[in-house]
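> give me a 3D structure for the following:
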Amino acid sequence: MRQTDYVILGLLAERPLSGYQIKKIVDIRFKFFWSESFGQIFPALKSLAEQGLVQECPQEDAGGRAVKTYAITAVGRESLVNWLGQPVEKESFRLEILLKTYFSGYAAPEAMLAHLGAFEESHASQLHILTLFQKELESIPDDDENHGEILRVIDFGQKANRAYLDWCRETKQYFEQKQLAQAAKSGLRDENRQTDTAKKE
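Here you go, the predicted structure:
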């Protein structure tokens with residue numbers, strides 16, 4: 001089974017959901033460390049249903065339309081528990097901003113400053129959302145007895161985003177200094193060129 005399957009089983013263990021609801025939860029709660037597309041979720045739901053790990057339970061939405069909702073089965077819950085006991089796979093870590101920083105000597109500092117500005121804005125936004133989510137969760141009674149676990153995940157996201165922002169600020173300072181140094185060097189060359197021209201005249 002794929003990790004997408006276990007994401008779905010974990011969320012269905014909380015309550016029955018439709019594919020669209022699963023996607024929305026992943027995008028809101030897991031945005032800073034995980035992603036799933038509709039193209040992954042719906043085929044996975046169909047496969048899980050065929051394996052007897054989830055079951056369909058059609059419900060009507062507010063508009064009276066039938067909505068295909070899924071619930072986890074006893075076999076699915078057992079599969080989820082077994083997966084939780086397995087060793088964690090090696091994490092994959094890919095950040096294009098680091099690749100561009102590594103090769104940035106071939107570009108002007110202005111290009112990297114633009115990339116860093118966008119990177120900083122994105123992670124500042126994620127940190128803000130996580131902080132709002134934390135405050136909202138802390139204000140709700142922990143009836144499900146899983147708020148502590150969710151807050152630990154939020155804490156990781158907050159600390160990771162703060163680390164990204166610290167690195168971003170320091171790296172922006174580096175490229176700003178590099179930009180000033182290049183401008184001063186270019187100005188010195190122009191001044192020398194003008195001096196040489198004046199001497200020839």
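
> give me the domain ranges for this structure.
Each structural domain of the chain that the record assigns through automatic domain parsing is listed here as a residue range: 3-84, 96-200.

> before we move on, what SS does the most centrally placed residue in the chain have?
In the chain, the residue lying closest to the centroid (CA atoms, centre = their mean) is residue 32, at 2.8 Å. Three-state call for residue 32 (DSSP: H, G, I helix; E, B strand; the rest coil): coil.

> now the phi/psi pair for it, please.
Residue 32 adopts backbone torsions of phi -80, psi -10, taken as degrees, to the nearest 10.

> one more: residue 67?
The phi/psi pair for residue 67 (degrees, to the nearest 10) reads phi -120, psi 130.

> which residues touch the closest residue to the residue nearest to the centre of the chain other than its chain neighbours?
The shortest distance from residue 32 to any residue that is not its chain neighbour, by CB to CB, 6 or more residues apart in numbering, is 4.3 Å, and that residue is residue 157. Quick note: C-beta positions are derived from backbone N, CA and C, even for glycine. Residues in contact with residue 157 (CB atoms under 8 Å, 6 or more residues apart in numbering) are 32-33, 126-127, 130.

> which two of those residues have the greatest separation?
Across those, the longest distance by CB to CB is 13.2 Å; it joins 33 and 127.

> more neighbours: which of those two?
Remark: of residue 33 and residue 127, residue 127 carries more neighbours, 19 against 11, as counted by other CB atoms under 10 Å.
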